[in-house]
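**Q** Have a look; sequence and predicted model below, questions after that.
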Amino acid sequence: MGHLDHATFGWLTPVLSYAMACIGAALGLRCTVRALGATGTSRRNWLITAASAIGTGIWTMHFVAMLGFGVTGTEIHYNVPLTILSLVVAMAVVGGGVFAVGYGHDRGRALALGGLTTGLGVASMHYLGMAALRLHGDVRYDPVLVGLSVVIAVVAATAALWAALNIKSPLAVAGASLVMGGAVSSMHYTGMLAVSVRVTEPGAALTGATTMQFIFPLAVGLGSYLFLTSAFVALSPTTGEREASVAAQRPAEGAAG
């Protein structure tokens, strides 16, 4: 059996991956709050931004953590199409959950359905990303820990959507995002504890890309997207601020007339 190291760079990758999960969660929650206060095209656009932020945050958390993953006795490469598919799955299923909450009339039913769908999608993203691994060996999973990781993903997703419906203030969103980041990280590392690798003698050269060739640049790019989108959302006026601005302009227009 190959020895698995989940933190080859020490605490750097676990801490950085947790930070990315928190940023994605905070941004997604703020966008969902904005969406619930909007209508029409504006609501749809905010929900799309929320889904992309949460999905990107979850994916980036997973693969930043994977930068610190190593197995003694073998190199690790990644299948590029499968890795990209895991990102698409993350955004798509989170989008389904967020839109269910954003447009659902029965909030309880929408929360349950959205949490289940999103949680299963997050777990699918994780295991698709793991399926993209290319190494000299056989990867096996402990089914009990895999099941536990899926349960954590569903609970975390449901809690995130509940927070989007019930938490409005920026301070409360910040607190909820810290909890959500911890839940997503817990799901990831629980899933990684389920992994064991039986290393085999190297044969043909590994296919796919190394972490520094593909995963690192993509993670940096998506991380930059999260930071830039966070700045945009922070600078965008809220629905209340826009209404206050319109109300303040009306007396001025009446006086001018």
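**A** Received, thanks. Numbers count the residues shown, from 1 in each chain.
**Q** Do you have the strands of this structure handy? List them.
**A** 4-5, 70-71, 76-78, 133-135, 137-141, 195-199 (DSSP state E).
**Q** Redo these as TSV? Include mean pLDDT and mean neighbour count.
**A** Glycine gets a C-beta too; all of them are placed from N, C-alpha and C. Putting the strands of the chain into TSV (pLDDT from 0 to 100; neighbours: other Cβ atoms under 10 Å) gives the following:
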stretch	mean pLDDT	mean neighbour count
strand 4-5	84	13
strand 70-71	88	20
strand 76-78	89	21
strand 133-135	89	20
strand 137-141	90	14
strand 195-199	90	16
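**Q** Just send these back as CSV, with distance to residue 88 too.
**A** Compiled in CSV, the strands of the chain are given as follows (distance: least, Cβ to Cβ, whole Å):
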stretch, distance to residue 88
strand 4-5, 27
strand 70-71, 27
strand 76-78, 15
strand 133-135, 18
strand 137-141, 22
strand 195-199, 23
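**Q** of those, which approaches residue 120 most closely?
**A** strand 137-141 (16.5 Å; Cβ to Cβ).
**Q** which strands and helices sit next to the closest one?
**A** strand 195-199 (3 or more Cβ pairs under 8 Å, 6 or more residues apart in numbering; DSSP states H and E).
**Q** contact partners of the strand it packs on?
**A** Under the contact criterion Cβ atoms under 8 Å, 6 or more residues apart in numbering, strand 195-199 has outside partners 1-2, 4, 71-74, 130, 135-142.
**Q** between those, which is closest to residue 32?
**A** Nearest member of the contacts of strand 195-199 to residue 32, counting by Cβ to Cβ, is residue 130, at 28.5 Å.
**Q** number of nearby residues for the closest one?
**A** For residue 130, the neighbour count with other Cβ atoms under 10 Å is 19.
**Q** Let me know whether it touches residue 149 as I believe.
**A** No: with contact defined as Cβ atoms under 8 Å, residue 130 does not reach residue 149; the gap is 10.7 Å.
**Q** overlap in contacts of the two?
**A** Joint contacts of residue 130 and residue 149 (Cβ under 8 Å, 6+ apart) are residue 191.
**Q** okay, and for the stretch 51-200 of the chain, where does confidence drop off?
**A** Counting by pLDDT under 70, the stretch 51-200 of the chain shows no low-confidence range.
**Q** how about the helices in it?
**A** 80-103, 107-131, 143-166, 170-193 (DSSP state H, counting those that start in this stretch).
**Q** would you turn the ones you listed into a markdown table with distance to residue 10?
**A** A markdown table is the format used below for those (distance: least, Cβ to Cβ, whole Å):
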| stretch | distance to residue 10 |
| --- | --- |
| helix 80-103 | 24 |
| helix 107-131 | 22 |
| helix 143-166 | 24 |
| helix 170-193 | 15 |
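**Q** Please identify which of these is closest to residue 214.
**A** Going by Cβ to Cβ, the one of the helices of the stretch 51-200 of the chain nearest residue 214 is helix 80-103, 6.1 Å.
**Q** How about the contacts made by residue 69?
**A** 4, 5, 6, 8, 76, 192.
**Q** Next: residue 79.
**A** 131, 132, 133, 134, 207, 208.
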